[in-house]
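Novice: 3D, please:
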Amino acid sequence: MAKSNRQIYKIPQPKQPRPVPLEQTQAQAAAAAAPVKPEQNELCYGVFWGTLIVGALANIALVYFVAHNAIAAYSEHPINWLPAILNTLFLVMALSLLRAVVWGSFVMSAALANRTQSFKAQTDICQWARKYRRLLPGGASWATQAIIQRMLTKEQYKDAIALGSAEYETVVKKDPRDQSLANLCSCLGFANQMLNEQHRAIEWNEKAVDCYQKLFVELEKSKGMSKFAAKNVVDNLQLQYAQVLAALATSYLYTRNRVKAKEHLKNALAQARKAQDSPQKRDVIRVCEEQLGQLKHF
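Specialist: The predicted model follows:
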């Protein structure tokens, strides 16, 4: 019997997207490679409440001191306008610092929970941040995405999609240019891929690609922003963008749209080559080259 000439395509499995990390030191890299330790939930709760209470008391003392000086300046006859105006401005600034204290308490304790792998504390603190998001500068999109990342790790894809879709609508209404949308959309694309909802995965990954493109345009326009952004953060953005393009190509392969798949694989390969050398970069390049080799006739 004659052998079939039909070529068999191996479709790569999507990989879970990661949030953009802050600049990583050698100590942090060593800690990440260390054995998993028992959760330190109580420590994380203690850091949250300790930071919140101490910060709030210090802020109250500052407000009292500045308000006392302002009242004294306004009580003089004639009014001493220069110190009165300055203390009024300082009072407004001191009151606004209270939101920063609350925000710092959530972020510091959630970061500690993530570093110590205290997932219960991390989830609780992020849920609290979501509940009081109106008090936080910039909202609580970071907290929602941390919860979604945890859901993806536990393979709770439907829950991740439900929470992520609601968060997407909330963020878009507030600021359609919010930079956190790129990672949020890629997480939703990954969750849909794992549920074999390829058309929905394409929809979300296309949105993620659009968000990344706008982000890179902003980085190019703003030289100050480019200098401020750490080099490894930009490299991570480039690599994550390449992974989203590769995931999008994977969905197009599942739907047998090989032309689109080839286009996005080429883009993913070009984007990955811009990043610094790393195992993740080499993995993306290897997968893209293998798939492009199989699709060279299209």
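
Novice: so where do the helices sit in the stretch 151-298 of the chain?
Specialist: With helices called from DSSP state H, counting those that start in this stretch, the stretch 151-298 of the chain shows them at 157-174, 181-194, 198-221, 223-228, 231-254, 258-272, 279-294.

Novice: Relative to V259, how far out is the closest residue to A140 other than its chain neighbours?
Specialist: Closest residue to A140 apart from its sequence neighbours, by C-beta to C-beta, 6 or more residues apart in numbering: R133 at 3.7 Å. From N, CA and C alone the C-beta is placed, and that goes for glycine too. In this view, R133 and V259 are 43 Å apart by C-beta to C-beta, to the nearest Å.

Novice: Could you do W81 as well?
Specialist: In terms of C-beta to C-beta, W81 sits 72 Å off from V259.

Novice: was I right about L215 contacting S180?
Specialist: No: taking contacts as C-beta atoms under 8 Å, L215 lies outside contact range of S180: 10.2 Å.

Novice: the more surrounded of the two?
Specialist: S180 (20 against 16; other C-beta atoms under 10 Å).

Novice: Phi and psi next, for that one.
Specialist: When quoted as degrees, to the nearest 10, the phi and psi of S180 stand at phi -70, psi -10.

Novice: For it, list the residues it contacts.
Specialist: S141, W142, Q145, V171 (C-beta atoms under 8 Å, 6 or more residues apart in numbering).

Novice: By neighbour count, which of these wins?
Specialist: Neighbour tally across the contacts of S180 (other C-beta under 10 Å): the maximum, 24 neighbours, falls on S141.

Novice: residue contacts, that one?
Specialist: With C-beta under 8 Å, 6+ apart, S141 has these contacts: E167, V171, D178, S180, L184.

Novice: try 6 Å this time
Specialist: Residues near S141 by C-beta atoms under 6 Å, 6 or more residues apart in numbering: V171, S180.

Novice: other SSEs contacting the host helix or strand of A61?
Specialist: Element membership for A61, per DSSP states H and E: helix 41-75. Secondary-structure packing of helix 41-75 (3 or more C-beta pairs under 6 Å, 6 or more residues apart in numbering; DSSP states H and E): helix 81-115, helix 119-131.

Novice: helices or strands up against the last one?
Specialist: Here helix 119-131 is seen to pack against helix 41-75, helix 81-115, helix 141-153 when contacts are counted using 3+ C-beta pairs under 6 Å, 6+ apart.

Novice: neighbour count winner among R133 and V259?
Specialist: A direct count of neighbours by other C-beta under 10 Å for R133 and V259 places R133 higher, at 16 against 10.

Novice: And that one, what's its pLDDT?
Specialist: Looking at R133, its pLDDT stands at 85.

Novice: now swap in N232 and tell me
Specialist: 68.

Novice: Same question for the one 3 residues further on.
Specialist: The pLDDT attached to D235 in the predicted structure is 76.

Novice: how much space between it and N114?
Specialist: For D235, the distance to N114 - C-beta to C-beta - is 21 Å.

Novice: And for G138?
Specialist: For G138, the distance to N114 - C-beta to C-beta - is 18 Å.

Novice: Show me which of those two is the more surrounded one.
Specialist: For G138 and N114, the more surrounded residue by other C-beta under 10 Å is N114, and the numbers stand at 19 against 13.

Novice: In contact with that one, which residues are there?
Specialist: Applying C-beta under 6 Å, 6+ apart, the residues contacting N114 are Q122.

Novice: which of the helices and strands packed on helix 119-131 is buried the deepest?
Specialist: Of all these, helix 141-153 carries the top mean neighbour count, a mean of 21, counting by mean count of other C-beta atoms under 10 Å.

Novice: so how far is that one from its chain's centroid?
Specialist: Centroid separation between helix 141-153 and its chain, computed with C-alpha atoms, centre = their mean, to the nearest Å, is 9 Å.

Novice: Reduced to three states, what does G138 come out as?
Specialist: State at G138, reduced to three classes by DSSP: H, G, I helix; E, B strand; the rest coil: coil.

Novice: Please report phi then psi for it.
Specialist: Torsion angles, degrees, to the nearest 10, at G138: phi 90, psi 0.
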